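> Fold the following and give me the result.
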Amino acid sequence: MKNLTQSDIQHIIQLHEQGDYKSAIKQAQSFIKHLPNEIFLWNILGACFEKTGDLINAQKSYEQALKINNQIPEIIFNLGAVKFNLNDSQGALDCYDRAIKVRPDFVEVFFNKGILFQQLGNFEEAIVNYQKAIQLQPGFYEALNNMGSVYQQQGRLDEAIDIYRQSLMITKASRTHFNLAGALRNLGQLKLAIQEYENAINLEQDNAEFFTDIGDALWHDGNINEGRKFLLKAIEVDPNHPKANYQLAIFYYDNQLFELAIPHFEKANLYDASSRALYCHYKLKQFSQFEQKLKKVIGTKHTSPLLATLSNHYAVNFNKPDLYNFCPNPLEFVLHERVPELVHNNHKLRFDLLSDIEQAEISDRKQSRLYNGIQSSGNLFQRNEKSFQLLSLALKKMIQKYYEMHQTSPCAFIKLFPKDIQFSSSWYVRMKQGGHLNSHIHEDGWISGAVYLSIPKLRESPDEGAIELSTDGDNYPKQHNNFPKLTILPNEGDVIFFPSSVFHRTIPFNSDEERICIAFDLKPSLKS
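Below is the predicted model:
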């Protein structure tokens, strides 16, 4: 057979560029039969296999190319990228390091190393590599954007916001605006976040995720109709988008439109969608469907406070065994104690918290269960104020002691207790006269609780302003009233926490004093 000509090479490259990978592969393979040492053919084969998703053959092709010449950094890099996508992190890292040895200024390698380390949770190494990529290519806004996302993952929100804004000075990228919106929202600056979501949508008008998040943000900012419009737009853009279906279902779920929520939860198949669909069936009193689907959901062997609540309530309600058995007697796991750091040094930390709550620029989050009160948006424990950071550390110590106290318990709630104590959310709740919070659970937590900073002193009845805990609530359909209940009136400086599967509500109070607490959820582990 004739040698490979420039015309042959150009033809195969053209097929690749046109997206006709099947023909390009066929052409390259026909030449390779007679020209097995032609490195171009192995490299273009690898690229085409990669595009078609055949990563195993892509890897084999790049490896064959490197047997011919192992000093071509681009091919070494390509092999590393394929290994990364095959979840061979160490193999990918080895390739990236080999490529850098051959070509020390290979910007894309440092960028990909940053992505690899970020995925592994090695955030410091991720930042080092992103910084190296930016040093080599100062206008590399994608590396800046990824650096911002690392800071955001670490809870360093102010630094993330600064980096995103630096990136936007280089290029007005839709994804950067979107990421900036997420950081601002976590910081509690909901209205600024909405502006950035709008900026992202103006640049990219067919992204279902963008429409989903702005819809959710608008809804929680109290603009329910606009929020619903964007959530529906997300489904219109991509009817099968998991997150879009999930968030629209959550909207219907929260607004008691259970029949509308169920099909979107089932379509989403994301997060705790199956448990929330069960909730909808239960609230609709569709008990036969509930029991049938409960058995299937429990069979998936995941852990969910919401599923625990539903399974326990159904078992008590109909005098049947609890099939889930996540936390059989959850009120036995309630803790009520003083927070030492809040009462030491003449209550200085408590006063600092009250001052920071008063002065911090944090948007309110609309909460349909809260009456005569306001709730903050964002995550207080990710803010920079020293008081919030000190309280976070104090609670982590108490939760660790709590786990050690219960660690011999055989239930899943303790056996699968998160090893890394992180707060998925934390927010303040300020109530005025008549203020109360209706019965609910925290579906996304593991432990939920509240630290009490200000409690009304004047009461017309002993339980005013108390927290009531129970295995029944949220207007679940009941066959009887035989559900346990626990009422606790906290003092200033106290903390009360409990499994997130426990219903809790605030008993209304008549005093004109303010009731202020900081509520929190412990983040479930990735294995939960």
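> Report the residue ranges of every domain in the chain.
Here the domain parsing of the chain from automatic domain parsing is 6-221, 222-300, 331-522.
> For residue 309, find the nearest of those domains.
Across these, the minimum distance to residue 309, taken as C-beta to C-beta, is reached by domain 331-522, at 4.6 Å. No exception for glycine: its C-beta is placed from N, CA and C like everyone else's.
> tell me the mean pLDDT for that closest one?
The average pLDDT within domain 331-522 is 94.
> Just the terminal-to-terminal distance for that domain.
End-to-end distance for domain 331-522, by C-alpha to C-alpha, to the nearest Å: 17 Å.
> Check the offset of that domain from the chain's centre.
21 Å (C-alpha atoms, centre = their mean, to the nearest Å).
> on that earlier part again, dump the domains of the chain into TSV; add distance to residue 325 and mean neighbour count as well.
Output for those, formatted as TSV (distance: least, C-beta to C-beta, whole Å; neighbours: other C-beta atoms under 10 Å):
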stretch	distance to residue 325	mean neighbour count
domain 6-221	32	19
domain 222-300	9	18
domain 331-522	7	18
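> would you list the ones you listed in CSV and tack on distance to residue 324?
As requested, the domains of the chain are arranged in CSV below (distance: least, C-beta to C-beta, whole Å):
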stretch, distance to residue 324
domain 6-221, 29
domain 222-300, 5
domain 331-522, 8
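> Those domains: which one's closest to residue 320?
Of the domains of the chain, nearest to residue 320 by C-beta to C-beta is domain 222-300, at 8.6 Å.
> So for this protein, the centremost residue is which one?
The residue lying closest to the centre of the chain (C-alpha atoms, centre = their mean) is residue 424, at 8.2 Å.
> so who does residue 25 touch?
Taking C-beta atoms under 8 Å, 6 or more residues apart in numbering, we find residue 25 in contact with 45, 48, 49, 52.
> so the last one touches residue 23, yeah?
No - look at residue 52 against residue 23 with C-beta atoms under 8 Å: they stay out of range, at 11.6 Å.
> Confirm residue 375 sits in a strand?
Yes - counting by DSSP: H, G, I helix; E, B strand; the rest coil, residue 375 is located in a strand.
> What are the neighbouring residues in contact with it?
With C-beta under 8 Å, 6+ apart, residue 375 has these contacts: 364, 365, 366, 367, 427, 428, 429, 430.
> tell me the contacts of the last one?
Read that as residue 430. 357, 373, 374, 375, 514, 515, 516.
> can you give me the helices for the stretch 101-250 of the chain?
For the stretch 101-250 of the chain, the helices defined by DSSP state H, counting those that start in this stretch cover 107-120, 123-136, 141-153, 157-170, 174-186, 190-203, 208-220, 224-237, 242-254.
> State the distance from residue 443 to residue 197.
24 Å (C-beta to C-beta, to the nearest Å).
> go on, residue 428?
24 Å.
> Repeat that for residue 351.
36 Å.
> can you check residue 310 too?
Counting by C-beta to C-beta, the gap from residue 310 to residue 197 is 33 Å.
> what packs against the biggest helix by length in the chain?
Across the chain, the longest stretch assigned as helix under DSSP state H is helix 386-406. Secondary-structure packing of helix 386-406 (3 or more C-beta pairs under 8 Å, 6 or more residues apart in numbering; DSSP states H and E): strand 335-338, helix 340-343, helix 348-359, strand 423-437, strand 447-454, strand 494-499, strand 515-522.
> Which helix or strand contains the closest residue to residue 158 other than its chain neighbours?
Leaving aside its chain neighbours, residue 158 sits nearest to residue 384 (5.9 Å; criterion: C-beta to C-beta, 6 or more residues apart in numbering). If you go by DSSP states H and E, residue 384 is not part of any helix or strand.
> separation between residue 384 and residue 161?
Residue 384 is 11 Å from residue 161, by C-beta to C-beta.
> Check residue 324 too.
41 Å.
> same check, this time on residue 276
Residue 276 is 32 Å from residue 161, by C-beta to C-beta.
> repeat for residue 297
39 Å.
> What of residue 192?
10 Å.
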